[in-house]
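**Student:** Pasted the sequence and its predicted model underneath.
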Amino acid sequence: MTAVVFIHGTGVREPGFSALAGRFSVGVTALRDGLRVVPYYWGGEHGAALAAGGASLPPASGTGRGPLAADAPGDDDTADWAALYADPYAELALAAAGSPPPAELPPGSLPPDQHLRTRLAALAAEGDGPAAELGPGLARAAVDLAAHPLLAAAAASLAPDDLAEAAARCLTARVVAGLLDSDAPLVPVGATRDAVAGRLSAALGASARGTERGVRSLALRVAGSAASRAVVRRRRALTEAAHPAAGDVLRYLSRGEAVRAGLRTLIAGLEPPVAIVAHSLGGIIALDTLVLTPLPQVRLLVTAGSQAPFLYESGSLPSLEHPAPLPAHVPDWLNLYDPRDLLSYLGAGLFPGRVTDVAVDSRQPFPAAHSAYWTNPAVYRAIADRLP
């Protein structure tokens with residue numbers, strides 16, 4: 001009788017593990033008779049936990065003990081900028097949405113956005129210098145904004161000063177968002193950002209008002225600040241919900257021997273042939289264990305959505321450093337990956353002839369794709385076809 005050891009991935013705890021292992025057992029035994037499914041639940045004993053009850057977490061907003069208390073200045077402004085980094089044109093779009101229907105202009109008059117477009121062209125001609133403290137991208141952003149169709153509708157809704165300030169914030173957000181998109185190691189602080197925005201406002205024709213925000217979109221301000229404050233207030237809940245996944249990885253990479261020892265002990269008590277089926281971090285645990293310790297009763301390793309190949313290639317796999325080959329005692333390795341799962345990686349190119357990569361498409365977007373393996377019939381067919 002083939003024993004199939006099922007190893008879960010990050011963040012899994014009871015009662016979720018029992019439900020997951022049960023679903024796997026039903027799926028694999030439906031295609032193959034005579035299997036003994038043996039779950040390995042490492043999350044309870046070896047998974048990450050906030051041992052001191054969350055003493056490392058800063059106080060929640062509104063307690064009066066931290067920098068983000070409810071009455072802290074700039075909290076709304078920070079949320080506004082977060083919304084603009086996500087969509088630099090958001091403020092202009094909201095202003096445009098509230099603009100009146102276009103009216104016929106008197107003969108000889110210029111459209112209300114024409115002066116701003118002219119100033120944007122002049123600003124673009126200066127290059128990136130006016131926003132040098134932030135980084136590159138200002139000239140390109142000014143050219144794009146000068147040609148943007150939103151300006152006409154936004155100009156019909158905003159006073160000239162407010163339009164210039166909104167345009168300056170759009171340009172500033174574009175430059176900062178470019179830094180974030182490129183994973184730049186340095187991002188200027190808010191005071192520098194605000195100084196640039198104020199300077200650009202003046203260059204675009206706004207009256208001198210320092211770094212005052214002017215008539216910001218109420219919808220943007222309220223929505224942004226509400227989301228920001230909700231996240232800060234719920235930081236403990238969010239951390240407690242999310243930390244097992246990240247914490248499990250960090251704990252394993254720093255103190256992984258205990259979980260590997262538990263797996264070795266479990267396998268030692270099983271009659272061959274044995275197959276290991278492991279998800280996500282479970283695949284790393286299984287591979288490390290098999291590399292470090294010959295376990296001849298294990299005839300097949302199956303990983304699904306595993307980062308083990310990536311850790312090996314990046315020099316982070318505890319048991320094996322690139323370019324060392326996979327030891328001869330490691331069994332056949334079937335690596336299942338979902339092209340939409342950004343946490344799944346390929347092994348055949350790293351270990352030619354030792355790993356078989358098989359794509360299984362759940363038709364789910366990421367991150368749902370990372371958790372959809374065990375409801376995908378293609379996964380069970382691939383496993384059943386290879387079991388000893």
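**Tutor:** Perfect, thanks for sending it. Residues are numbered from 1 along each chain as shown.
**Student:** if I pick Asp248, what's in contact with it?
**Tutor:** Thr10, Gly11, Gly43, Gly47, Ala48, Leu281 (CB atoms under 8 Å, 6 or more residues apart in numbering). Every residue, glycine included, has its C-beta placed from N, CA and C.
**Student:** Surely the first one and Gly283 touch.
**Tutor:** Think Thr10. No - look at Thr10 against Gly283 with CB atoms under 8 Å: they stay out of range, at 10.9 Å.
**Student:** who has more neighbours, those two?
**Tutor:** Each of Thr10 and Gly283 has its neighbours counted (other CB atoms under 10 Å); Gly283 has more, 29 against 23.
**Student:** Please give the element, helix or strand, for the more buried one.
**Tutor:** Using DSSP states H and E, Gly283 maps to helix 281-292.
**Student:** Outside of that helix itself, list whatever touches it.
**Tutor:** Contacting residues not belonging to helix 281-292 are listed as 7-10, 40, 42, 248-249, 252, 256, 259-260, 263-264, 276, 278, 295, 298, 301, 303-308, 311, 317-320, 326-327, 329-331, 333 [CB under 8 Å, 6+ apart].
**Student:** Can you list the buried residues in that helix?
**Tutor:** With burial defined by 16 or more other CB atoms under 10 Å, the residues of helix 281-292 counted as buried are Leu281, Gly282, Gly283, Ile284, Ile285, Ala286, Leu287, Asp288, Thr289, Leu290, Val291.
**Student:** State the distance from the first one to Phe17.
**Tutor:** Taking CB to CB, to the nearest Å as the measure, Leu281 and Phe17 are separated by 13 Å.
**Student:** what mean pLDDT does the helix holding Gly283 have?
**Tutor:** Average pLDDT, helix 281-292: 97.
**Student:** can you pull out the helices in the stretch 151-300 of the chain?
**Tutor:** Here the stretch 151-300 of the chain has its helices, by DSSP state H, counting those that start in this stretch, at 160-181, 190-203, 218-233, 235-255, 257-268, 281-292.
**Student:** out of these, nearest to Thr375?
**Tutor:** Closest approach to Thr375 among these (CB to CB): helix 281-292, 17.0 Å.
**Student:** Now do that closest one and helix 257-268, the angle between them.
**Tutor:** Computed with axes from the mean of the first three to the mean of the last three CA atoms, to 10 degrees, the direction of helix 281-292 lies at 80 degrees from that of helix 257-268.
**Student:** With just CA atoms, put helix 281-292 into PDB.
**Tutor:** Only the C-alpha atoms of helix 281-292 are listed here, as PDB (Å, rounded to 0.1, in the frame of the first residue of the first chain):
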ATOM      1  CA  LEU A 281       6.400  26.100   1.900                       C
ATOM      2  CA  GLY A 282       5.600  22.500   2.500                       C
ATOM      3  CA  GLY A 283       7.500  21.700  -0.700                       C
ATOM      4  CA  ILE A 284      10.500  23.600   0.600                       C
ATOM      5  CA  ILE A 285      10.400  21.600   3.800                       C
ATOM      6  CA  ALA A 286      10.000  18.300   1.900                       C
ATOM      7  CA  LEU A 287      12.900  19.000  -0.500                       C
ATOM      8  CA  ASP A 288      15.200  20.200   2.200                       C
ATOM      9  CA  THR A 289      14.500  17.000   4.200                       C
ATOM     10  CA  LEU A 290      15.100  14.700   1.200                       C
ATOM     11  CA  VAL A 291      18.300  16.500   0.200                       C
ATOM     12  CA  LEU A 292      19.800  16.500   3.700                       C
END
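**Student:** What distance do you get for the closest residue to Val259 other than its chain neighbours to Arg386?
**Tutor:** Sequence neighbours aside, His46 is the residue nearest to Val259 in space, at 4.2 Å (criterion: CB to CB, 6 or more residues apart in numbering). Distance, His46 to Arg386, by CB to CB: 28 Å.
**Student:** So the two - more neighbours on which side?
**Tutor:** A side-by-side neighbour count of His46 and Arg386, using other CB under 10 Å, places His46 first with 19 against 15.
**Student:** Please, where are all the strands along the protein?
**Tutor:** 2-7, 35-40, 274-279, 298-304, 332-337, 355-359 (DSSP state E).
**Student:** Please name every helix or strand in contact with the longest one.
**Tutor:** Which is strand 298-304. Counting contacts by 3 or more CB pairs under 8 Å, 6 or more residues apart in numbering; DSSP states H and E, strand 298-304 is packed against strand 274-279, helix 281-292, strand 332-337, helix 377-386.
**Student:** got the angle for the longest one vs strand 35-40?
**Tutor:** Translated: helix 281-292. Calculated by the same axes, to 10 degrees, helix 281-292 forms an angle of 100 degrees with strand 35-40.
**Student:** Mind putting the buried residues of helix 281-292 into JSON lines with distance to Arg174?
**Tutor:** Output for the buried residues of helix 281-292, formatted as JSON lines (distance: CB to CB, whole Å):
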{"residue": "Leu281", "distance to Arg174": "38"}
{"residue": "Gly282", "distance to Arg174": "42"}
{"residue": "Gly283", "distance to Arg174": "40"}
{"residue": "Ile284", "distance to Arg174": "39"}
{"residue": "Ile285", "distance to Arg174": "44"}
{"residue": "Ala286", "distance to Arg174": "46"}
{"residue": "Leu287", "distance to Arg174": "44"}
{"residue": "Asp288", "distance to Arg174": "44"}
{"residue": "Thr289", "distance to Arg174": "49"}
{"residue": "Leu290", "distance to Arg174": "49"}
{"residue": "Val291", "distance to Arg174": "47"}
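**Student:** Poorly predicted segments of this structure, please.
**Tutor:** Under the criterion pLDDT under 70, the flagged ranges of the chain are 54, 57-76, 98-110, 209-245.
**Student:** Let me see the contact set for the closest residue to Thr172 other than its chain neighbours.
**Tutor:** Spatial nearest neighbour of Thr172, chain neighbours left out: Ala197 (4.4 Å); criterion: CB to CB, 6+ apart. Going by CB under 8 Å, 6+ apart, Ala197 touches Glu165, Ala168, Arg169, Thr172, Thr211.
**Student:** Am I right that the first one is in contact with Arg199?
**Tutor:** No - under the criterion of CB under 8 Å, Glu165 makes no contact with Arg199, lying 11.6 Å away.
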